[in-house]
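In: quick one: sequence plus predicted model below, questions after.
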Amino acid sequence: MQRTIVQVTRMRIIDLAVGDIVNNDPTATTGWFPIEEIRRLPNGDINVTNVATRDSVMARDYDIVGVQVTKRVDDGMPAPA
């Protein structure tokens, strides 16, 4: 049976992409959201948002945010019948 492992890594906001799962606080256990839009604001900040729930993170190019990275692993157990 396969399972998904979630690891949290720290990444610069400028390196994020639509679809990444992010949080302003890499140590948080709640408040994560998928990025649906990335915008450069007139003051130079980058704003990443989830349009449906209106969650957002705003930061300068090289500020660090938390990103979830998933990996599928085989646990060695047969799939349930």
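Out: Structure's in. What do you need?
In: the closest residue to Ile64 other than its chain neighbours in helix, strand or coil?
Out: Take Ile64 and drop its neighbours on the chain: the residue closest to it by C-beta to C-beta, 6 or more residues apart in numbering is Arg10, 4.9 Å away. Backbone N, C-alpha and C define where each C-beta goes, glycine included. For Arg10, the assignment made with DSSP: H, G, I helix; E, B strand; the rest coil gives strand.
In: do you know how far Arg10 is from Gly66?
Out: According to C-beta to C-beta, to the nearest Å, Arg10 stands 6 Å off from Gly66.
In: hang on, the residue nearest to Ile64 packs against Asp25?
Out: No. Taking contacts as C-beta atoms under 8 Å, Arg10 lies outside contact range of Asp25: 10.5 Å.
In: need the overlap of contacts for those two.
Out: Taking C-beta atoms under 8 Å, 6 or more residues apart in numbering as the contact rule, Arg10 and Asp25 both touch Gly66.
In: show me which of Arg10 and Gly66 is the more surrounded one.
Out: Gly66 (19 against 10; other C-beta atoms under 10 Å).
In: tell me which helix or strand the more buried one sits in.
Out: strand 64-74 (DSSP states H and E).
In: quick one: residues contacting the residue nearest to Ile64.
Out: Counting by C-beta under 8 Å, 6+ apart, Arg10 has contacts 26, 64-67.
In: kindly recompute the last result at 7 Å.
Out: Contact partners of Arg10, counting by C-beta atoms under 7 Å, 6 or more residues apart in numbering, are 26, 64, 66.
In: same question, Val6
Out: 68, 70.
In: what separates it from Pro42, distance-wise?
Out: 35 Å.
In: just Val73 next, same as before
Out: On the measure of C-beta to C-beta, Val73 and Pro42 end up 44 Å apart.
In: more neighbours: which of these two?
Out: Val73 (10 against 5).
In: shouldn't that one be in contact with Arg3?
Out: Yes. Between Val73 and Arg3 there is a contact under C-beta atoms under 7 Å: 5.8 Å.
In: re the thing from before, check which helices and strands the strand holding Gly66 sits against.
Out: In terms of contacts (3 or more C-beta pairs under 7 Å, 6 or more residues apart in numbering; DSSP states H and E), strand 64-74 is packed against strand 2-12, strand 21-23.
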